[in-house]
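A.B. asks: I'll drop the sequence and a predicted model, then ask my questions.
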Amino acid sequence: MIHRLIVIALLSVSFNSLFAQETKMLGSGVLFPKDDFKEINILNSDRSNYLKLIQSSEGEIKVSYQHPIQESVLLKCVVTYYPYYYLEYTKFRIPLPKIAIRAFYTDENVIVFDALKIDNGYKIFINGNWKIVKFNKSVVYEDWNTYIKRIYVTANKQHPLYKESNEKSLVVNDNDKYSFKVLEVKQDWIKVECSKECEGCPENKILKGWIKWKDKDMIIIKLFYAC
């Protein structure tokens, strides 16, 4: 099965998880570093240094703040914008991430910022504020319709797999034990098929259909960054 992070709506949990749901899309897309990045500088609006992400030759990722952030500030940002981290922290005392962004799972090399393009680079949402990353070869920007094809989703009873892209269509599947790859995006709907590379498909049959993945700028389903 897909490894899952804890979220408010989830009762049974696995600690090797990587997902997010029910959060607002804060930018037109996302920014993420390439696997082999060495250093990424994140700047304040006045172009002074805010923090650096540094990857060692062994793959360890270090967060180096210009001025250390208080845990209370980080906690507030997590609660407000990325509550799936907060449930881990409050229920299971799992440490907060070092930065509050959409995805920060360095053991799996998953670092994802809400982002938008600007003239000389990108604006990224981090720790409750917009910061700047200059254009460089270490990062990739993709709009949401492109990025969602990189990751996985699931269906469930609240957001099932439909035959067509409307909620009056026939329900094909509502079992959350299968993961799906995105084939096509049509506004709030995504066309998907079950992924053989994760947990497989039911009785070796390929499930295909449509899932409603967002409501305007709110993500309403689980997004999985890795199998």
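C.D. replies: Received it, and whenever you're ready, just let me know what you need.

A.B. asks: show me where pLDDT drops low in this structure?
C.D. replies: 1-22 (pLDDT under 70).

A.B. asks: can you list the domains in it?
C.D. replies: 19-143, 151-224 (automatic domain parsing).

A.B. asks: now mean neighbour count too, for those domains, in JSON lines please.
C.D. replies: The way it works is simple: take the backbone N, C-alpha and C, and place the C-beta from them, glycine included. JSON lines is the format used below for those (neighbours: other CB atoms under 10 Å):
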{"stretch": "domain 19-143", "mean neighbour count": "16"}
{"stretch": "domain 151-224", "mean neighbour count": "17"}
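
A.B. asks: quick check: Val63 touching Ile101?
C.D. replies: No - here Val63 does not reach Ile101: they are 10.6 Å apart, not a contact under CB atoms under 8 Å.

A.B. asks: would you check that Val73 makes contact with Asn127?
C.D. replies: Yes - counting by CB under 8 Å, Val73 does reach Asn127; the two are 7.0 Å apart.

A.B. asks: got a list of what Phe104 touches?
C.D. replies: Pro97, Lys98, Val110, Ile111, Val112 (CB atoms under 8 Å, 6 or more residues apart in numbering).

A.B. asks: out of the residues you listed, which sit inside strands?
C.D. replies: Using DSSP state E, the subset of those located in strands is Val110, Ile111, Val112.

A.B. asks: now do the contacts for Gly121.
C.D. replies: Ile132, Val133, Lys134, Phe135.

A.B. asks: just the closest of the residues you listed to Asn166, please.
C.D. replies: Distance to Asn166 across the contacts of Gly121 (CB to CB) is lowest for Val133, with 38.7 Å.

A.B. asks: hmm, the closest one is touching Glu39, no?
C.D. replies: No - the pair Val133 / Glu39 is not scored as a contact, 11.5 Å apart, by CB under 8 Å.

A.B. asks: next, give phi and psi for Glu108.
C.D. replies: phi -110, psi 10 (degrees, to the nearest 10).

A.B. asks: so how far is Tyr65 from the closest residue to it other than its chain neighbours?
C.D. replies: Using CB to CB, 6 or more residues apart in numbering and skipping the chain neighbours, the partner closest in space to Glu108 is Ala226 (5.4 Å). Distance, Ala226 to Tyr65, using CB to CB, to the nearest Å: 27 Å.

A.B. asks: SS state for the residue of the chain most remote from its centre?
C.D. replies: Seen from the C-alpha centroid of the chain, the residue lying at the greatest distance (CA atoms, centre = their mean) is Glu203, 29.5 Å away. Secondary structure, DSSP: H, G, I helix; E, B strand; the rest coil: Glu203 is helix.

A.B. asks: and it, how far is that from Val139?
C.D. replies: 42 Å.

A.B. asks: list the contacts for Leu31?
C.D. replies: By CB under 8 Å, 6+ apart, the neighbours of Leu31 are Val112, Phe113, Ala115, Tyr122, Ile124, Val133, Val139, Val140, Tyr141.

A.B. asks: show me the beta-bridge partners of it.
C.D. replies: Phe113, Tyr141 (DSSP bridges).

A.B. asks: how far away is it from Ile206?
C.D. replies: Distance, Leu31 to Ile206, using CB to CB: 33 Å.

A.B. asks: one step back: any chance of the contacts of Gly121 in a markdown table with secondary structure and distance to Met25 as columns?
C.D. replies: Output for those, formatted as a markdown table (DSSP: H, G, I helix; E, B strand; the rest coil; distance: CB to CB, whole Å):
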| residue | secondary structure | distance to Met25 |
| --- | --- | --- |
| Ile132 | strand | 19 |
| Val133 | strand | 18 |
| Lys134 | strand | 23 |
| Phe135 | coil | 22 |
